[in-house]
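>>> quick check, what structure comes out for this input:
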Amino acid sequence: MKKFLTVLATGAALAAVNLPAATAETPYGSAPAASGCSAPAVRAPAGTAVESVTADRRAGGTIDGTGVVGGTVTGVPAFCEVVVTLTHPGDDDHAKVRTWLPVSGWNGRFQALGGSAFAAGDNGVGMGTAVRNGYAATTTDGGLADAVDIGWALNAKGEVDTALLENLASRSQHEAALVGKQVVAAHFGRPASYSYFNGCSTGGRQGYLEAQRHPDDFDGILADAPAVNWDEFEVATLWPQVVMNNERTYPSACEFKAFTDAAVAACDPLDGARDNLVADASRCDFDPRRLIGTTVVCDGKELTITAADAAVVRRIWDGPRTASGRKLWSGVPVGADLAGLAGTERDANGQVKGTPFPVPRLWVTTWLKKQPSFDVSTITYDQFTRLFEQSQAEYDRIIGTDDPDLSAFRDSGGKLLTWHGQADQFIPTQGTVDYRRQVERKMGGTKRVDDFYRLFLVPGAAHCGLNKGAGTVDDLAALTAWVEQGRAPRTLPATLIDASGRSVERDVCRYPEVSRYRGHGDPAAAASFRCVLPSRH
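Numbers count the residues shown, from 1 in each chain. The predicted model follows:
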């Protein structure tokens with residue numbers, strides 16, 4: 001599980017700086033801490049009360065990320081940590097808003113960081129990275145717990161704790177922005193010149209929520225691999241397990257890899273070059289039945305791919321459908337690691353069974369069934385459809401985060417930058433594409449939307465992969481240049497990892513364009529490719 005959860009960590013994003021008006025209760029103040037690190041007066045955001053404010057000087061150095069996501073950042077300079085604890089009167093919650101203020105070398109910017117899975121905020125690695133880069137940084141735990149610790153989800157009566165769900169879904173990030181900006185202004189004697197939001201996965205969804213509901217919070221929002229359409233895709237990503245359980249066929253990770261490798265090999269040349277990357281995964285129509293009868297060696301054993309194996313893979317790639325064939329959601333992208341959502345293991349009796357990824361499993365057992373011990377392996381195809389529709393009906397308004405009207409964010413001058421890996425094994429890339437298309441229909445087409453919102457689809461990149469060592473991109477620099485200098489990114493220069501594990505340079509194309517080989521030059525060099533509109537567009 002740790003292997004999978006590591007990639008759920010936050011990405012990198014930025015936010016805006018007009019000190020927002022916050023409804024005032026009596027400002028809360030406390031005694032100064034040592035070395036110029038003191039607890040400021042903080043006005044409570046609307047609907048909250050300040051329970052406490054503390055300040056401590058931290059030495060920096062190496063910071064190890066907490067919880068299952070983990071991670072490490074080194075070279076963090078000394079900083080002042082201010083912790084403001086908020087509560088929503090009557091809800092009995094206690095949300096800690098942490099702000100880290102560099103002792104020296106502040107770049108005048110503010111950065112708020114989002115969470116991962118069911119965690120509302122950063123685990124320390126993103127905060128440390130921001131401070132190392134000169135930012136004043138803020139995050140909030142929303143009064144919740146670690147990424148897959150959802151003991152808070154149901155109250156003593158077994159009912160959904162709607163207040164804490166609302167913290168995760170919408171209100172905590174906004175309140176953290178209001179509080180963090182106050183702390184920064186009080187500490188440095190002036191507000192930040194620019195403010196940014198930075199998040200991936202859950203953090204990406206939080207960034208879109210900010211753009212939709214609180215358009216004045218941030219000048220720039222970096223929201224990668226965003227978990228928008230939460231109520232739909234969280235159920236949809238349980239589909240691979242439902243398919244294996246209903247078909248009683250459990251391909252091994254090795255067999256799944258054989259299908260993925262074959263698909264990548266077949267669709268690799270579509271961009272004009274054999275470079276071990278599929279430039280446009282949505283065009284890959286590889287039929288898994290082509291592997292029936294072939295053999296693969298897994299753990300020293302020779303296995304033959306069966307028609308049942310191919311049928312399972314075909315359904316997983318296609319995505320969930322009703323019994324009548326109506327499509328509910330997109331499937332796992334071709335090229336992504338199928339074992340991420342279609343994990344299996346052998347029990348004590350040697351029987352193979354599915355091991356669901358924790359996030360969709362917990363969403364279904366806890367928020368839908370409201371029975372944490374519910375066995376998801378018993379879900380039939382018909383039951384799956386009902387669960388999908390239940391999730392839409394109960395939670396779209398709360399946590400769907402799919403409102404395509406970004407006019408207020410556009411009018412505020414905000415900029416929204418997103419990249420999403422085309423080999424994302426946990427959040428289907430097509431969901432982000434579909435949301436972007438909805439925004440275009442709502443707001444006047446591609447060119448008008450590009451003025452404030454740009455999407456980049458990254459060939460071969462896994463979930464939040466460019467933030468976690470499987471390639472790199474300086475997306476934050478691209479966003480700050482757009483916000484502060486008006487230089488809208490035409491491409492995102494990145495180092496990608498191809499299917500063979502080799503590093504290659506690419507200028508990732510702005511949606512809807514895709515990368516095409518020029519016909520000459522080193523396929524590992526960015527200059528050998530250009531961005532063009534896909535033939536179907």
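
>>> ok, the residue positioned nearest the centre of the chain to A44 distance?
When the chain is reduced to its mean C-alpha position, the closest residue under C-alpha atoms, centre = their mean turns out to be S201, at 0.9 Å. Counting by C-beta to C-beta, to the nearest Å, the gap from S201 to A44 is 29 Å. Where C-beta positions appear, they are placed from N, C-alpha and C, glycine not excepted.

>>> I figured the residue nearest to the centre of the chain hits A227, correct?
Yes: between S201 and A227 there is a contact under C-beta atoms under 8 Å: 5.5 Å.

>>> what's the overlap in contacts for these two?
Between them, S201 and A227 share these contacting residues under C-beta atoms under 8 Å, 6 or more residues apart in numbering: I427.

>>> shaky segments in the stretch 351-500 of the chain?
Within the stretch 351-500 of the chain, the stretches with pLDDT under 70 are 467-469.

>>> strands of that one, residue ranges please.
Taking DSSP state E, counting those that start in this stretch as the test, the strands found in the stretch 351-500 of the chain are 352-354, 415-421, 453-458, 472-473, 491-497.

>>> who are the packing partners of the host helix or strand of A211?
Using DSSP states H and E, A211 falls within helix 202-213. Judged by 3 or more C-beta pairs under 8 Å, 6 or more residues apart in numbering; DSSP states H and E, helix 202-213 is in contact with helix 172-188, strand 194-200, strand 220-224, strand 415-421.

>>> is there a neighbour count for D287? I'd like the number.
Under the neighbour criterion other C-beta atoms under 10 Å, D287 is assigned a count of 14.

>>> can you pull the contacts of it?
When the contact criterion is C-beta under 8 Å, 6+ apart, the partners of D287 are R314.

>>> if we go to 10 Å?
By C-beta atoms under 10 Å, 6 or more residues apart in numbering, D287 lies in contact with A262, A263, A266, A310, V313, R314, W317.

>>> before we move on, what about D271?
Neighbour list for D271: 277-280, 283, 459, 514-517, 523, 529, 532 [criterion: C-beta under 10 Å, 6+ apart].

>>> recalculate using a threshold of 8 Å.
D271 sits next to L277, V278, A279, D280, V514, S515, R516, Y517, F529 when contact means C-beta under 8 Å, 6+ apart.

>>> what does V131 give?
The neighbours of V131, taking C-beta under 8 Å, 6+ apart as the test, are G60, V76, P77, F79, W100, P102, A137.

>>> in a helix, that's where it is, yeah?
Yes: when classified by DSSP: H, G, I helix; E, B strand; the rest coil, V131 is found to be part of a helix.

>>> now do it against T74, distance only.
12 Å.

>>> just V235 next, same as before
To T74, V235 is 39 Å away according to C-beta to C-beta.

>>> neighbour-wise, which of these two wins?
Under the criterion of other C-beta under 10 Å, the comparison of V235 against T74 puts V235 first, with 28 against 11.

>>> helix, strand, or coil at that one?
Judged by three-state DSSP, the three-state class of V235 is helix.

>>> so it makes contact with T365?
No: taking contact to mean C-beta under 8 Å, the distance of 11.5 Å between V235 and T365 leaves them out of contact.

>>> distance check, S330 against W239.
From S330 over to W239 (counting by C-beta to C-beta), the distance is 10 Å.

>>> same thing with K327?
The value you get for K327 to W239, if C-beta to C-beta is used, is 11 Å.

>>> of the two, who's got more company?
Regarding K327 and W239, a neighbour count based on other C-beta under 10 Å identifies W239 as having more, with 27 against 11.

>>> spit out the contact partners of that one.
With contacts defined as C-beta under 8 Å, 6+ apart, W239 is in contact with R315, I316, G319, P320, W329, G331, L341, F384.

>>> my guess is the first one contacts V243. True?
Yes: here R315 reaches V243: they are 4.7 Å apart, a contact under C-beta under 8 Å.

>>> list the contacts for D149?
Residues touching D149, when contacts are defined by C-beta under 8 Å, 6+ apart, comprise G67, F118.

>>> where does it land in three-state SS?
Three-state assignment for D149 (three-state DSSP): coil.

>>> how close does it sit to T66?
When C-beta to C-beta is the yardstick, D149 and T66 sit 11 Å from each other.

>>> please apply the same query to H174.
H174 sits 23 Å away from T66 when distances are taken as C-beta to C-beta.

>>> those two: which is more packed in?
With other C-beta under 10 Å as the criterion, H174 and T66 differ in neighbour count, and H174 comes out ahead with 20 against 15.

>>> let me know the pLDDT of that one.
At H174 the predicted local confidence, pLDDT, stands at 98.

>>> cool, A34 as well?
For A34, the model assigns a pLDDT of 37.

>>> now swap in E505 and tell me
Looking at E505, its pLDDT reads 93.

>>> in three-state terms, label it for me.
In the three-state summary, E505 is assigned as strand, counting by three-state DSSP.

>>> excluding its backbone neighbours, what's nearest it?
The shortest distance from E505 to any non-neighbouring residue, by C-beta to C-beta, 6 or more residues apart in numbering, is to A526 (4.2 Å).

>>> pretty sure C254 is touching K301, no?
No: under the criterion of C-beta under 8 Å, C254 lies out of contact with K301, with a separation of 9.2 Å.

>>> comparing these two, which shows the higher neighbour count?
Just comparing C254 and K301: by other C-beta under 10 Å the higher neighbour count belongs to C254, 14 against 9.

>>> report the contact partners of that one.
Taking C-beta under 8 Å, 6+ apart as the contact definition, C254 lies against V296, V297, C298, D299, L303.

>>> what two of those residues are the furthest from one another?
The largest distance within the contacts of C254, taken as C-beta to C-beta, falls between V296 and D299 and amounts to 10.6 Å.

>>> which one's more surrounded, the two?
When V296 is set against D299 and neighbours are counted by other C-beta under 10 Å, the residue ahead is V296, at 18 against 8.

>>> mind telling me what element the more buried one is part of?
Per DSSP H and E: V296 is located in strand 295-298.

>>> then the very next helix or strand once past that strand to CSV, C-alphas only?
Going down the chain from strand 295-298, the next helix or strand is strand 301-304, by DSSP H and E. Taking C-alpha atoms only, strand 301-304 is exported to CSV below (Å, rounded to 0.1, in the frame of the first residue of the first chain):
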residue,chain,number,x,y,z
LYS,A,301,6.7,-19.6,-14.3
GLU,A,302,5.5,-19.6,-17.9
LEU,A,303,1.9,-18.5,-18.2
THR,A,304,-0.4,-18.4,-21.2
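
>>> buried set for the helix or strand just after strand 301-304?
Beyond strand 301-304 on the C-terminal side, the first helix or strand identified by DSSP H and E is helix 307-318. The neighbour-count criterion (16 or more other C-beta atoms under 10 Å) identifies D309, A310, A311, V312, V313, R315, I316, W317 as the buried residues of helix 307-318.
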